[in-house]
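Q: starting from these lines, generate the structure:
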Amino acid sequence: MTPSFNLIDSSFIPCRMGDGSACDLSLAEILRDAHEIRDIVGDTPVVTLTVFRLLLAALHRIFGPRSRKAWSDMWACGRFDASVLDNYWSMWHSRFDILDNTHPFYQTAALETKAPLPASALFEELASNSNTTLFDHTVNCPPMQISPKRAALGLIARQAYSPGLGVSPRCRIGTREIAQSNRKDSPLARGQTVLCRGNSLFETLLLNLPHYECTEDDLPIWERAQPEDVMSRTQPSGRVDLYTWQSRRLRLIYTVDAAGGVSVYGLHYAQGRELHKDEIDPMKPYRRNDKKGWVTFSLSHKRALWRDSSAIFAMSSDAERPVPALNWVARAVADGTVPMAARCALDVFGVAYQPRKPTSVLLWRHERVPLPMAYLSDKDLVKSLEMAMDKADRLARSLFDVAHALAELLISPNGKNVNPKRFDSIRGRLHSQMETAFWSDLEVPFRSLLVKLAESEEERDRHLAYWVKDVLCNRARSAFEHAVKSIDQTARQLRALVRARRVLNSKLKQMVKPFEEVQDAQQA
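A: Residues are numbered from 1 along each chain as shown. Here you go, the predicted structure:
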């Protein structure tokens, strides 16, 4: 009997239900019961986001929505139409089997390479071949064996999140030889990706399902009779084509035991469809660069994603390049479909790579910040949040000046005979410790500020004053003390610390002064 693992019927998506319990669901189950599901909880942010993207592609294809009224009707209904879903799954059922020989889901049928990779190559967090053993110490021999359920998640994630560079091997599809060049980035490999989060999976999916006009050629990969026909196209035919982009040619290698159990132990792996470098992804925020044009928000291991919140909020009404989902939700709030008091959040996903090693994953992040709906329409509110973050950035830069002054005083109080290498080392260490402590202490109070600014327009100035005078200044002082606690307490070092504190207090006084003047004027 031919083995089968069809994603429409087989449970493989890890979910958190409304009552807090965890379970795995199939594609049919997760959309049918989306209103009863709280969230998708993949083992990694990469898996979580790419499953969302797959579901959005299917929903766009099934429901559109082709008008605001169609979207509003779905929102009011509170659940997806099960009969419409069932009809679609029945029509394309055979295309969702990852073990099928003719149309294996998210794979290239009849693909062969001379040196197949171990199954661990489906996952960025697992070591395979010469990959850096950053997260684990998986070895190739004996090969790691994984279940079809896990392989399905790996296939979905790998097509959307694969870094480029590195030579792709020649491959054969049936009798056709295909020459390969260097591997290219998958659509989500670089930059940040955002997702509006509702109170249930149904709300989350619908909030990220803006208006969509179906075109004849904008098809998900499973609806194409010959997926290879579009492999040479670098421009997507539309949103659904992009969301199901096949950036790699893959083919699972598996064994079947006597009881019929399937174990995946390897895969054929080669470069797939290349995405044009200037293509704009609707799930990513972009900023204009004078030299490079539109560039994505980058992700650094030194910078938390929440620090870009104000810039992302502003893109709901950006005249040039709005984030479609944020813009759509803003309009839904404006026309009363979604209440202004709705409790939503903004999820931000991203992968950071090691410096000068663009294919070596350093870390990934999935952060969530509150999304008061007022930020999507009130430009003055967004400016207030931007001001708050600007003050934090300025104070963080001031810490460099403090570290510079302290390093200079520790090495040479009179400024003479300074060893440049020793000076750079001490200054770099002090600044790194101050900056890390400063930003790590700000995330929780920032979330509180984000909500309070949206609650009352009359109280915004007071909240900003508190943010600067009490939060930022206190965190800066704490960061300074954290960095200097290991310095020897000799008379020379103590004098250096006293003078460095004066530098810090001078910086803080300059920052606080405008807010004290406003406060005095209000009291007068």
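Q: between the two ends of stretch 470-489, what distance do you get?
A: Using Cα to Cα, to the nearest Å, one end of stretch 470-489 lies 29 Å from the other.
Q: list the buried residues in it.
A: In terms of neighbour count (16 or more other Cβ atoms under 10 Å), stretch 470-489 has its buried residues at 471, 472, 473, 475, 476, 479, 480, 482, 483, 484, 487. C-beta: built from backbone N, CA, C; applies to glycine.
Q: can you check stretch 4-18 too?
A: For stretch 4-18, by 16+ other Cβ under 10 Å, it's 5, 6, 7, 8, 10, 12, 13, 14, 15.
Q: stretch 317-326 too?
A: 317, 318, 322, 323, 324, 325, 326.
Q: dump those to a markdown table, plus distance to residue 379.
A: What follows is those, written out as a markdown table (distance: Cβ to Cβ, whole Å):
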| residue | distance to residue 379 |
| --- | --- |
| 317 | 7 |
| 318 | 10 |
| 322 | 13 |
| 323 | 15 |
| 324 | 19 |
| 325 | 19 |
| 326 | 13 |
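Q: re earlier: closest to residue 32 among the buried residues of stretch 4-18?
A: Set against residue 32, the nearest of those by Cβ to Cβ is residue 8 (10.9 Å).
Q: residues contacting the closest one?
A: With contact taken as Cβ atoms under 8 Å, 6 or more residues apart in numbering, residue 8 is in contact with 26, 27, 28, 89, 93, 96.
Q: JSON lines for these, including distance to residue 38 and secondary structure?
A: Output for the contacts of residue 8, formatted as JSON lines (distance: Cβ to Cβ, whole Å; DSSP: H, G, I helix; E, B strand; the rest coil):
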{"residue": "26", "distance to residue 38": "18", "secondary structure": "coil"}
{"residue": "27", "distance to residue 38": "18", "secondary structure": "helix"}
{"residue": "28", "distance to residue 38": "19", "secondary structure": "helix"}
{"residue": "89", "distance to residue 38": "23", "secondary structure": "helix"}
{"residue": "93", "distance to residue 38": "28", "secondary structure": "helix"}
{"residue": "96", "distance to residue 38": "25", "secondary structure": "helix"}
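Q: buried members of those residues into ChimeraX, please.
A: Applying 16+ other Cβ under 10 Å to the contacts of residue 8, the buried members can be selected in ChimeraX as follows:
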select :26,27,28,89,96
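Q: nearest to residue 342, of the buried residues of stretch 4-18?
A: residue 15 (22.1 Å).
Q: coming back round to it: for residue 454, state which of the buried residues of stretch 470-489 is nearest.
A: Nearest to residue 454 among those is residue 471, at 17.3 Å by Cβ to Cβ.
Q: burial count for the closest residue to that closest one other than its chain neighbours?
A: Ranked by Cβ to Cβ, 6 or more residues apart in numbering and with sequence neighbours excluded, the top spatial neighbour of residue 471 is residue 445, at 4.8 Å. By the criterion of other Cβ atoms under 10 Å, residue 445 has 16 neighbours.
Q: for residue 445, list the residues it contacts.
A: Shown in contact with residue 445 (Cβ under 8 Å, 6+ apart): 467, 471, 475.
Q: what about residue 83, how many neighbours?
A: 7.
Q: make 677 the starting number, not 1.
A: From this message on, residue numbering opens at 677, which makes the last subject residue 759.
Q: give me the pLDDT for it.
A: For residue 759, the pLDDT comes out at 97.
Q: that one and residue 765, how far apart?
A: 11 Å (Cβ to Cβ, to the nearest Å).
Q: also residue 1188?
A: Counting by Cβ to Cβ - residue 1188 and residue 765 are separated by 61 Å.
Q: that older thread, in helices, which of the buried residues of stretch 1146-1165 fall?
A: 1149, 1151, 1152, 1155, 1156, 1158, 1159, 1160 (DSSP state H).
Q: helix or strand for the closest residue to the fifth one other than its chain neighbours, which one?
A: Spatial nearest neighbour of residue 1156, excluding adjacent residues (Cβ to Cβ, 6+ apart): residue 1180 at 5.6 Å. Secondary structure from DSSP states H and E places residue 1180 in helix 1167-1199.
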